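Peer 1: This is the structure alone, sequence omitted:
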């Protein structure tokens, strides 16, 4: 575990997912971090181009709260940072509507902020908008390393990429299919 982590755009971090499983994440802009679908049994990374790897999810993170998840800082000589455009569409929970209040699809600003909110599609429903719900992340600050670790472990074990927080936003939402179905 690293003692301290300072936000540096495009910095790549190795994540310790379990005793013998490591993954990669990259700091982007405005505390958005991308988590990739590339895993190894050892914390050794060479000849990796993140532009060619699957982005599992991209979240706003409190990077210092995630320190227990970090294994090491990776130098760009061994891993090429992702330079694809940052994902700008996210789900924004409908606040003030209680548990299972649903969400809307928004687009982040050019500064990668959720405010002012640009609504792309209001009031998403599990009946009509499952693909949007499955393919976009909830907008909000993530700081619990164990929730992120668990999400990645579930993906490794089952092929299902799912943020359990969506269960509290969308009543009765079914789990998505496995990654390669």
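Peer 2: Nice, I can see it. All figures in this text were calculated on a predicted structure; none of them were measured in a lab.
Peer 1: how about the helices of the chain, start to end?
Peer 2: Remark: helices assigned in the chain by DSSP state H are 130-135, 145-158, 166-169.
Peer 1: for those helices, which one sits closest to residue 10?
Peer 2: helix 145-158 (19.5 Å; Cβ to Cβ). All C-beta spots, glycine's among them, are computed from the backbone N, C-alpha and C.
Peer 1: For residue 44, find the nearest of the helices of the chain.
Peer 2: From these, taking Cβ to Cβ, the stretch that ends up closest is helix 145-158, at 17.8 Å.
Peer 1: ok, what's across the strand from the nearest residue to residue 11 once chain neighbours are set aside?
Peer 2: Nearest-residue entry for residue 11: residue 27, 4.6 Å, with adjacent residues in sequence omitted and distances by Cβ to Cβ, 6 or more residues apart in numbering. Applying DSSP bridges to residue 27 yields these beta-bridge partners: residue 33.
Peer 1: and residue 27, what is it in contact with?
Peer 2: 7-13, 33, 63 (Cβ atoms under 8 Å, 6 or more residues apart in numbering).
Peer 1: again, but for residue 115
Peer 2: residue 109.
Peer 1: Can you give me the distance of it to residue 133?
Peer 2: 22 Å (Cβ to Cβ, to the nearest Å).
Peer 1: repeat for residue 68
Peer 2: Taking Cβ to Cβ, one finds residue 68 at 29 Å from residue 133.
Peer 1: And those two? Which one has more around it.
Peer 2: residue 133 (22 against 12; other Cβ atoms under 10 Å).
Peer 1: Residue 31 reaches residue 64, doesn't it?
Peer 2: No - with contacts counted by Cβ atoms under 8 Å, residue 31 stays clear of residue 64, the gap being 10.7 Å.
Peer 1: where are the low-confidence patches of this protein?
Peer 2: For the chain, the stretches flagged by pLDDT under 70 are 1, 96-100, 181.
Peer 1: which residues in it form strands?
Peer 2: 12-18, 21-27, 32-40, 48-49, 55-61, 70-74, 79-80, 89-93, 103-107, 118-121, 141-142 (DSSP state E).
Peer 1: can you put these in a markdown table and add distance to residue 157?
Peer 2: As requested, the strands of the chain are exported to a markdown table (distance: least, Cβ to Cβ, whole Å):
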| stretch | distance to residue 157 |
| --- | --- |
| strand 12-18 | 10 |
| strand 21-27 | 10 |
| strand 32-40 | 11 |
| strand 48-49 | 22 |
| strand 55-61 | 14 |
| strand 70-74 | 20 |
| strand 79-80 | 24 |
| strand 89-93 | 25 |
| strand 103-107 | 27 |
| strand 118-121 | 32 |
| strand 141-142 | 21 |
